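K.L.:
Sharing a model prediction with you, sequence too.
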Amino acid sequence: MFVWSEKDINQEQSAAILNNNNVLLIACPGSGKTRTLTYKIAYELSKLENTKQYIVAITYTNRAADEIKERIELLGVDTSQLWIGTIHAFCLEWILRPYSLYLPELKYGFRVIDSFETERIITSICNDFNEEHNLQKGNRITYWDCNFFAKPDVFSITTSNHSKRENVKKILTRYFQVLKENNQIDFEQILFYSFKLLKEKQIISSTLSKIFPYILIDEYQDTKEIQYHIIGTILKASKNNSKLFIVGDPNQSIYQTLGAYPIEKEELEEVSGIEIEQMELSKNYRSSQKIIEYFDYFKTYDNNISAEGKHKEHTSIISLNNSVIKDNLIDEIARLIMLNIDDYGILPNEICIVAPQWVHIASVTRKLMVKLPDLSFDGPGMAPFSRDIENFWFKLSRIILTEPSPNLYVLRLRWANDILKELSNTGVNINNINSKQFLKICNSLFCDKEKGLEYLDYMFHEIANKLNFNIDDYHMLKEHFYTFFESSEKRIERLKKEGIDFIDKTESFKKVFKQRKGITVSTIHGVKGAEFDTMIAFALLEDYIPHFSDTNGYENAQKMLYVIASRARKNLHLIAERNRFHNFGRPPQEYVINKNLKAYDYEYDEI
């Protein structure tokens, strides 16, 4: 049985881990949510007696899954009976691939397309549709109008422009027809068809419920209705033999425009057919008391938060600048960076710069790199290729672009296993090779090409040669290969136009998966789950936070500001710059400070 000492886990965490009932755990920022989830998984793994059963853990990202699994292995617990990953990966492995032949739409096979291919197909259909109907600027339909998400019985369109909705429906109807003709499905259809299978073939739910005695869900506030129903259907079929442990923070529910929401206990009980006990983690070990008191104002869900960590008494600096003009923004951010490094002793890799959207981040990052040449800047937006986590070649690039080292061996071995599993699912014969041998092949290859895409192209083909298969012979591999390189070329072209001339070099590619060393730049959504000594946020303007199309603006703005402030351990700098204009009216109107931020009567520090 897995055990721990009192110094590892506090009483709240221990109570949740040892609870034998179904648990909905509300966890405040910095409360050790991931540690609690990790120990709970380890504890339940150690209790397994049936070698044919699996503990299932659903995470929001593959990165979170890797982190949690590595932590469990470091605790000395066998993970051979743990399945951990995203809901899409879960549905593919346990529902669609084994049982797709029971659905008329999928019985002739299917290939999953990535987000770039989805964008390419929809954009092409939009262009044809606009031409056919002679739609003029303002009425033309773009890819961004066509966002949608799966619900239990329908696909929901997210556009707030009601005048475009009928045309968007027609375009998406064409899109789904194209996918059907090509035996393709996208990410949302993975969920839609999985739930359809579970609903129509109850034996599948019953079978899975016998395999999974425990299902755990991380970041439940980022979970969609259809995802709750997928898991709930399995739990309902178990007749109380399968347990649920679900954890997250309703105050950080910032993906509502994508259909995600923090489910209420009563609704979850109805969906799953089980009784659930609600518990709480209220001790924040991350931030100072001052920081916690600040972000507590933005709560939309009334839970308890108390400062308990080593930074509890830190004399934090919280500033707001709503007078700096846009042309001086770079100087102001650079000043704040150097103030934190020189005067407050903050390390560069403990500083994060955030803004609402990537369009705000890219040019600012480039200018900061010129302004502060002795510092480095890291972030997903600086990656020279698309980080499409479901693309096969992106997954392989992680192995190729990371240097062999003892610290990364277990992680790279796991990546290698994932690659071999995908190759096997595609039909490639890999019966005579295991993960260690595959990793040895990757490590043995050498290429001196200076351009990153040429480097990856060479390495991908060399690995295919070593495994004795031709990429063009396998439709999924060929399709993913095309989209990986096309999307990467467009990304590099855009970044070069923004002045980042070195972005296409192989060395820039290898930096993507290296441990963070510089100042992080990110969107608010991208930084969720991270923590830094200092947070610097700019463009905190009305209609930026949240986006002007957001139909639940006030509440979602509260949540975005909550996420920003709760990432900080020590210092928080907020900027609502002047002289940003929009063209919604005549003459152009200036964006103003976000009204939620403006309404906060707080005595900010002068710096």
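P.N.:
Looks like it came in fine.
K.L.:
Would you indicate which residues of stretch 494-502 are buried?
P.N.:
Judged by neighbour count (16 or more other C-beta atoms under 10 Å), stretch 494-502 contains these buried residues: Leu495, Ile500. Every C-beta, even on glycine, is put in place using the N, C-alpha and C of the backbone.
K.L.:
ranges for the strands of the stretch 201-350 of the chain?
P.N.:
According to DSSP state E, counting those that start in this stretch, the stretch 201-350 of the chain carries its strands in the segments 214-217, 243-248, 276-281, 283-284, 306-307, 318-321.
K.L.:
Kindly report the same for the stretch 51-200 of the chain.
P.N.:
So, for the stretch 51-200 of the chain - with DSSP E, counting those that start in this stretch - the strands run 55-58, 82-85, 111-112, 148-150, 155-157, 184-185.
K.L.:
Mean pLDDT, distance to Glu70 and mean neighbour count added to the ones you listed, as TSV?
P.N.:
Shown next, in TSV, are these (pLDDT from 0 to 100; distance: least, C-beta to C-beta, whole Å; neighbours: other C-beta atoms under 10 Å):
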stretch	mean pLDDT	distance to Glu70	mean neighbour count
strand 55-58	98	13	25
strand 82-85	96	10	21
strand 111-112	90	26	18
strand 148-150	96	31	21
strand 155-157	95	36	15
strand 184-185	95	31	21
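K.L.:
of all these, which lies closest to Gln136?
P.N.:
Counting by C-beta to C-beta, Gln136 lies closest to strand 155-157 out of these; the figure is 21.8 Å.
K.L.:
closest to Leu244 out of the strands of the stretch 51-200 of the chain?
P.N.:
Closest among the strands of the stretch 51-200 of the chain, using C-beta to C-beta: strand 55-58, at 10.2 Å.
K.L.:
got the CA positions of that closest one in PDB?
P.N.:
Output of strand 55-58 as PDB, limited to C-alpha atoms (Å, rounded to 0.1, in the frame of the first residue of the first chain):
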ATOM      1  CA  ILE A  55      -6.900   3.600 -13.100                       C
ATOM      2  CA  VAL A  56      -7.900   6.300 -15.600                       C
ATOM      3  CA  ALA A  57      -6.900   9.900 -15.200                       C
ATOM      4  CA  ILE A  58      -8.200  12.500 -17.700                       C
END
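K.L.:
who does it pair up with?
P.N.:
strand 82-85 (parallel), strand 214-217 (parallel) (DSSP bridges).
K.L.:
Any stretches of the stretch 101-250 of the chain with poor pLDDT?
P.N.:
Of all residues in the stretch 101-250 of the chain, none has pLDDT under 70.
K.L.:
And for Glu117, nearest residue in space, chain neighbours not counted?
P.N.:
What sits nearest to Glu117 in space, not counting adjacent residues and going by C-beta to C-beta, 6 or more residues apart in numbering, is Thr483, at 4.7 Å.
K.L.:
In three-state terms, label that neighbour for me.
P.N.:
Following DSSP: H, G, I helix; E, B strand; the rest coil, Thr483 is assigned to helix.
K.L.:
what sits against it?
P.N.:
By C-beta atoms under 8 Å, 6 or more residues apart in numbering, the contact list for Thr483 reads Ile113, Asp114, Phe116, Glu117, Arg120, Asp388, Asn391.
K.L.:
Backbone dihedrals for Val23, both of them.
P.N.:
For Val23, the backbone dihedrals (degrees, to the nearest 10) come out as phi -130, psi 130.
K.L.:
Let me know the pLDDT of it.
P.N.:
pLDDT for Val23: 98.
K.L.:
Tell me which of the strands of the stretch 51-200 of the chain lies nearest to Leu75.
P.N.:
Nearest of the strands of the stretch 51-200 of the chain to Leu75, taken as C-beta to C-beta: strand 82-85 at 12.0 Å.
K.L.:
So of the contacts of Thr483, which two are at opposite extremes in space?
P.N.:
Arg120 and Asn391 (13.1 Å).
K.L.:
And these two? Which one has more around it.
P.N.:
Asn391 (24 against 17; other C-beta atoms under 10 Å).
K.L.:
right, and the more buried one touches Phe484 too?
P.N.:
Yes. Here Asn391 reaches Phe484: they are 5.4 Å apart, a contact under C-beta atoms under 8 Å.
K.L.:
tell me, what's touching these two both at once?
P.N.:
What both Asn391 and Phe484 touch, as defined by C-beta under 8 Å, 6+ apart, is the set Phe116.
K.L.:
What residues of stretch 87-98 count as buried?
P.N.:
Ile87, His88, Ala89, Phe90, Cys91, Leu92, Trp94, Ile95, Leu96.
K.L.:
Using CSV, write out every CA atom in stretch 566-582.
P.N.:
Listed next in CSV are the C-alpha coordinates belonging to stretch 566-582 (Å, rounded to 0.1, in the frame of the first residue of the first chain):
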residue,chain,number,x,y,z
SER,A,566,-3.2,34.2,-9.0
ARG,A,567,-0.2,33.1,-11.1
ALA,A,568,2.0,35.6,-9.1
ARG,A,569,4.0,34.6,-6.1
LYS,A,570,5.5,38.0,-5.2
ASN,A,571,4.9,40.9,-7.6
LEU,A,572,2.1,41.8,-10.0
HIS,A,573,2.2,44.6,-12.6
LEU,A,574,-1.0,45.4,-14.5
ILE,A,575,-1.0,47.7,-17.6
ALA,A,576,-4.0,49.1,-19.4
GLU,A,577,-2.2,51.2,-22.0
ARG,A,578,-3.7,54.2,-23.9
ASN,A,579,-4.0,55.0,-27.6
ARG,A,580,-5.2,51.6,-28.8
PHE,A,581,-8.1,52.2,-31.2
HIS,A,582,-10.9,50.2,-32.8
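K.L.:
what helices or strands is the lengthiest strand in the chain leaning on?
P.N.:
Secondary structure of the chain read by DSSP state E shows that its longest strand is strand 568-575. The helices and strands touching strand 568-575, judged by 3 or more C-beta pairs under 8 Å, 6 or more residues apart in numbering; DSSP states H and E, are helix 289-295, strand 318-321, helix 329-338, strand 532-537, helix 553-566.
K.L.:
List the buried residues in it.
P.N.:
Of all the residues in strand 568-575, those buried under the rule 16+ other C-beta under 10 Å are Ala568, Arg569, Lys570, Asn571, Leu572, His573, Leu574, Ile575.
K.L.:
partners of it in the sheet?
P.N.:
Counting by DSSP bridges, the strands paired with strand 568-575 are strand 318-321 (parallel), strand 532-537 (parallel).
K.L.:
Helix or strand next in line after that strand, which one?
P.N.:
Per DSSP states H and E, the first helix or strand lying C-terminal to strand 568-575 is strand 581-582.
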